[in-house]
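Asks: Have a look at this prediction, sequence included:
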Amino acid sequence: MSDAVMPTEPTLHDLYRDHRGWLETWLSKRLGNGSDAADLSQDTFLRVLASSQRIADLQEPRAYLLTVGKRLLSNFYQRRSLEQAYLAALAAMPEDCAPSPEHRWLLLETLQALEELLDGLPRAVRRAFLWSQLDGLTYAQIAERLQVSERTIKRYMAQAYEHCLLVDL
């Protein structure tokens, strides 16, 4: 009998051990903030864990991690931009009309969930959907704003509704 050890398939643990430091450094350079980089690095590995991608099938693990990390970084910047716009709108409100801190938090969470829900839709489709749902604009008004036909707006809305129904949250 041979005492030779059979090679094992790489695991998430191996991927994490071998590449976490590199990914965190890459993210830190872009963010200028080590704690946000550490959070996004952890989120990247959580996404890998939740994905159907087999670790053993990764030919270029750093390229894969970089792709996932870039998507999370983009989402991070979108959330930050959304939060800053919301806070600027709050600052412009009279103090007696401003929502409570709890209500602010709920509103911000809702805005972020909506942003994630609509992620992946073309900008014009997203705008048409939001104008219709949040501002109550008619398809004709939206068509005028976007300088397209009402028929195009109907297609946009159908695309947005389909996306909302099929998104995997």
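Replies: That came through, no problem.

Asks: CA atoms for contacts and neighbours, from now on please.
Replies: Fine.

Asks: Now name the helix or strand holding A85.
Replies: Assessed by DSSP states H and E, A85 sits inside helix 61-92.

Asks: What residues of that helix count as buried?
Replies: R62, L65, L66, V68, G69, L72, L73, N75, Q78, R79, L82, E83 (16 or more other Cα atoms under 10 Å).

Asks: Centroid-nearest residue for the chain?
Replies: The structure's the chain has its C-alpha centroid closest to N75; by Cα atoms, centre = their mean the separation is 3.6 Å.

Asks: which residues does that residue contact?
Replies: Applying Cα atoms under 8 Å, 6 or more residues apart in numbering to N75 gives no contacts.

Asks: For it, give its distance to G120.
Replies: N75 sits at a distance of 11 Å from G120 (criterion: Cα to Cα, to the nearest Å).

Asks: and if you look at R145?
Replies: 22 Å.

Asks: now do E150
Replies: Applying Cα to Cα, the value for E150 to G120 is 22 Å.

Asks: more crowded one of these two?
Replies: Taking other Cα atoms under 10 Å, E150 and G120 do not tie; E150 has more neighbours (17 against 11).
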